[in-house]
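> Take a look and give me a structure for this.
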Amino acid sequence: AVPIKVSEKSLYFITINGEPGSKIMFRIDDKFNELTINEQFTFKDNEQLGTISDPVKLSVLTSKVININENVGCIVYPNPFRNVLNVKLNINNTEVVNIILYDIAGNAIFDTGKLTYPAGSHTINLDKSLGGLSTGVYILKVISNSEAKSFKIVKH
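You can find the predicted model right below:
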């Protein structure tokens, strides 16, 4: 789940299905932070708990920064997106990173070129570069010295 910032608070929207009287424990992570939730709910057939205006608040059992074994942790948000797409990198050592966007046919339609980032957290905002995209499905590839990751993204 990717958090949505509302009034400087992170909100996560999730769907949980269960049997009556079930106890659930789950983890939410964004590759950078991990929250462990431990709650008891009374599940009933065809019942929804919480709404956007009146959410169910969960208690955080533990919270920690994830120790990434990879040299580059990456999340892409929001997805789907309208005009703004962000790529957040968490880099353990200096890396050369290239971000390429492909259309569904596999044609490269955007390329940042190779950029060097020092260790740390970096957010790359692609709003100016992707403003003219048509609505549809795309593949965003993040390539570093040590690995490559692909993300299916949707433009609304």
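
> can you give me the helices in the protein?
Under the criterion DSSP state H, helices of the chain are mapped to 127-130.

> Tell me where the model's unsure across it.
1-13, 16, 18, 20-43, 58-72, 131 (pLDDT under 70).

> one more time with 90, if that's ok
Scanning the chain for pLDDT under 90 picks out the ranges 1-86, 88-95, 103-106, 110, 119-121, 125-134, 136-137, 139, 143-156.

> And the strands in it, which stretches?
Remark: strands assigned in the chain by DSSP state E are 4-6, 9-11, 23-29, 33-40, 60-65, 72-77, 86-91, 95-103, 108-111, 115-117, 120-125, 136-143, 148-155.

> wait, I104 sits on V137?
Yes. Between I104 and V137 a contact is recorded at 5.3 Å, counting by C-beta atoms under 8 Å. Backbone N, C-alpha and C define where each C-beta goes, glycine included.

> between those two, what contacts are shared?
Contact criterion C-beta atoms under 8 Å, 6 or more residues apart in numbering; residues shared by I104 and V137: none found.

> Correct me if wrong: I124 contacts T112.
Yes. Using C-beta under 8 Å, I124 is in contact with T112, at 7.4 Å.

> Now do the end-to-end distance for stretch 95-111.
One end of stretch 95-111 sits 17 Å from the other (C-alpha to C-alpha, to the nearest Å).

> can you check stretch 140-150 too?
This stretch, stretch 140-150, spans 6 Å end to end (C-alpha to C-alpha).

> neighbouring contacts of that stretch?
Contacts for stretch 140-150 (C-beta under 8 Å, 6+ apart): 70-72, 74, 76, 85, 87, 89, 91, 95-102, 139, 151, 153.
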